[in-house]
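Novice: predicted coordinates and the sequence they were generated for:
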Amino acid sequence: MHRLLVLLGCLGLLSCCQEMPANAPDARIIAVGDSLLAWNATSGNSIPDVVERSIGEPVLDRSASAAWLRTGFGVDGSPESGVQAQFVPGEWDWAIVNGGGNDLMLGCGCIRCGGVISTMISEDGQRGQVPDFLRRIRDGGTQVIYVGYLRSPGLITPIEHCKDEGDEFEARITRLAQMEDGITFVSVQDVAHPGDASYFSFDLIHPSRKSSRIIGERIAQIIKQTPS
């Protein structure tokens, strides 16, 4: 586990260079999150890359590996770090968001994580940093798509022991999305087939290109089917 934490920390250093709005001035979609979104970006096959190709429009991708969702806030109320700080206010139609996995794996080792989960989102889905963040985006006129995490059914992987915590975390986000207009939760628990490692990258944590494509196309379908 220690070597895994070191690996994930190093991956964060490799993903420090994020796109800025000037790089995609015509984009109406912004993506913020952790390595679920950022993975496969070097080959142009990340989830935001797939969304961009599928809808035929630019996506500003500011996601970064090892980003945490929980953060502190400055005196002006602005987030200081992580996924929340990646978001740049603007006239976005859509925000693709994910996060929370590093808070669970690195923050509490997916063991006795009740306090960490509740800081992110309460059991009823109404309080915490996730609802506050997503409402802040939504209230600025942007529709939010929150993307869940892969599961590894039937495989011995470094993320398998996080299943119970991941299930609870995403159940709370589901409740939030069911009660809030402008917030859609996209579960990807069903993407990886039982016993099939081809849905994962070499580390058996992150999505392979195949999984990034499936998830990206799932997100793109929501965007294309929703009136602008």
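Specialist: Okay, I see it.
Novice: for the spatially most central residue of the chain, which non-adjacent residue is spatially closest?
Specialist: Geometric centre of the chain, nearest residue: Asn98, 1.6 Å, by CA atoms, centre = their mean. Of all residues not flanking Asn98 in the chain, Gly33 sits nearest, at 3.7 Å (CB to CB, 6 or more residues apart in numbering). Placement of C-beta: from N, CA and C, glycine included.
Novice: now for the one you found, how many residues are close by?
Specialist: Applying the criterion other CB atoms under 10 Å, we find 29 residues in the vicinity of Gly33.
Novice: so for it, what's the pLDDT?
Specialist: Gly33 carries a pLDDT value of 97.
Novice: just checking, next helix/strand downstream of the helix or strand of the chain with the lowest mean pLDDT?
Specialist: Every helix and strand of the chain was ranked by mean pLDDT, DSSP states H and E. The lowest is helix 2-14, at a mean of 40. Remark: after helix 2-14, the chain's next helix or strand is strand 29-32, criterion DSSP states H and E.
Novice: and that next one, which strands flank it?
Specialist: If you go by DSSP bridges, strand 29-32 pairs up with strand 59-61 (parallel), strand 94-97 (parallel).
Novice: which parts of the helix or strand that comes right after the longest one are buried?
Specialist: Past strand 94-97, further along toward the C-terminus, the next helix or strand under DSSP H and E is helix 101-105. Under the neighbour-count criterion of 16 or more other CB atoms under 10 Å, helix 101-105 has Gly101, Asn102, Asp103, Leu104, Met105 buried.
Novice: many thanks, we can stop here.
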